[in-house]
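Participant: Okay, structure incoming, though there's no sequence with it:
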DNA sequence: ATAGTTTTTGCAACATTATTGCACTTTTTA
DNA sequence: TAAAAAGTGCAATAATGTTGCAAAAACTAT
């Protein structure tokens, strides 16, 4: 029934007001969120520290993942179902719009296979494409 | 003759001690550098502000480019010859070692082609792979 | 080479962002 | 429902990034 509870309980973490509100923000948001976005949000006005710790917990538990950005803002986005605690399989390309600055998860665009030189072990591949998004087109 | 002077003069920016030292650091370093790396470096102990401004100038003039990373460190790496002011063509994959934290430009590994959905315009593609590097193997 | 102009640097102050310890509150467990 | 465990807010502190301005260095043209 309640998607929020479901997500939190599945990870065996306590269900609190803060976590529900922040998680709700992610569920409602079409793209990625920065720490600052969450802090500014009227519906979730907690202590800065709580926001930091909540985001950290969510990342650890595989609920959200952070996205590399060219301009170095810290962005978080919901993980899809195949993420587990401490082991993210975020398998799509991220897009950053040079115009509106929003970051978009291109769920349909798979991360291409990258062949590393001998001696390197691959654990995760992040692909960030920048340009003009469909909204700003 | 002097590679440092050459790089700076080509961009029509003043040749100063600070710029020479920082540029030298990049030339000597096998991978990418974080702001903190430069500040810590004994050979280049300038004011923090100078380091910030120098890096900013270098990026603007196409001498270095910054690398997006999932863990959100700000990394800079030398541009290859085909970069121009305000227009970077950095065409290789970057590797970050989870163990020693160093960033390596995999010059030999080309960035794969990414097909975007309709409506999106691509300008740049950044690929960052993390794992264990050849040194820590 | 040198005087004048332009650019860069360092300092100080300030703003933003992130981290830690501890007491208190809420949630979970049994 | 009480005890235990986990989470939260506050305060203090650290780390990181920015701005204005005066002094210093680099460039330009004689």
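Facilitator: Done, it's in. Keep in mind that what you see is a predicted model, and the values were worked out from it rather than measured. Residues are numbered from 1 along each chain as shown, chains lettered A, B, ... in the order given.
Participant: Show me where chain A dips below the pLDDT cut-off.
Facilitator: A:1, A:42-44, A:70-72, A:80-90, A:98, A:101 (pLDDT under 70).
Participant: close to DNA strand C, is stretch A:93-102?
Facilitator: No - Stretch A:93-102 is not in contact with DNA strand C by C-beta under 7 Å from any atom of the strand; minimum separation 13.4 Å. Yep, even glycine has a C-beta here, placed from its N, CA and C like the rest.
Participant: can you pull the contacts of residue A:27?
Facilitator: Residues near residue A:27 by C-beta atoms under 8 Å, 6 or more residues apart in numbering or on different chains: A:3-4, A:78.
Participant: which of the residues you listed come close to chain B?
Facilitator: When C-beta under 8 Å from any C-beta of the partner chain is applied, no member of the contacts of residue A:27 is adjacent to chain B.
Participant: could you flag which of these are buried?
Facilitator: The neighbour-count criterion (16 or more other C-beta atoms under 10 Å in any protein chain shown) marks residue A:78 among the contacts of residue A:27 as buried.
Participant: where does chain A come near DNA strand D, residue by residue?
Facilitator: Close to DNA strand D, as judged by C-beta under 7 Å from any atom of the strand, chain A has residues A:13-14, A:16-19, A:46-47, A:49-50, A:53-54, A:57, A:72.
Participant: which of the residues you listed come close to DNA strand C?
Facilitator: The subset of the residues of chain A next to DNA strand D within reach of DNA strand C, by C-beta under 7 Å from any atom of the strand, is A:14, A:16-17, A:49, A:53.
Participant: Mind checking which of those land in helices?
Facilitator: Secondary structure defined by DSSP state H assigns A:17, A:49, A:53 of those to helices.
Participant: Residue A:50 touches residue A:18, doesn't it?
Facilitator: Yes - with contact defined as C-beta atoms under 8 Å, residue A:50 counts as touching residue A:18 (5.4 Å).
Participant: re earlier: now secondary structure too, for the contacts of residue A:27, in a markdown table please.
Facilitator: Supplementary listing: those in a markdown table, determined by DSSP: H, G, I helix; E, B strand; the rest coil:
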| residue | secondary structure |
| --- | --- |
| A:3 | helix |
| A:4 | helix |
| A:78 | strand |
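Participant: Of the contacts of residue A:27, which is the nearest to residue B:28?
Facilitator: residue A:78 (41.9 Å; C-beta to C-beta).
Participant: Just to check, that closest one is in contact with residue A:64?
Facilitator: Yes - Residue A:78 lies in contact with residue A:64 (C-beta under 8 Å); the separation is 5.7 Å.
Participant: Of the ones in helices among the ones next to DNA strand C among the residues of chain A next to DNA strand D, which is the most crowded?
Facilitator: Using other C-beta atoms under 10 Å in any protein chain shown as the neighbour criterion, residue A:53 leads these with 13 neighbours.
Participant: give the contact list for the residue lying farthest from the centre of chain A.
Facilitator: Distance to the chain centre peaks in chain A at residue A:118, reaching 31.3 Å (criterion: C-alpha atoms, centre = their mean). Residue A:118 makes contacts with residue B:134, as judged by C-beta under 8 Å, 6+ apart.
Participant: my read is it is in a helix, agree?
Facilitator: No - secondary structure of residue A:118 (three-state DSSP): coil, not part of a helix.
Participant: Return the residues in contact with the most centrally placed residue in chain A.
Facilitator: Centroid-nearest residue in chain A: residue A:77, 1.7 Å away (criterion: C-alpha atoms, centre = their mean). Residue A:77 sits next to A:26, A:31-33, A:64-67, A:94, A:103, A:105 when contact means C-beta under 8 Å, 6+ apart.
Participant: Take the residues you listed and keep only those in strands.
Facilitator: A:33, A:64-67, A:94, A:103, A:105 (DSSP state E).
Participant: Dump these into a markdown table; add neighbour count as well.
Facilitator: Listed next are the ones in strands among the contacts of residue A:77 as a markdown table, based on neighbours: other C-beta atoms under 10 Å in any protein chain shown:
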| residue | neighbour count |
| --- | --- |
| A:33 | 21 |
| A:64 | 26 |
| A:65 | 22 |
| A:66 | 21 |
| A:67 | 25 |
| A:94 | 25 |
| A:103 | 23 |
| A:105 | 19 |
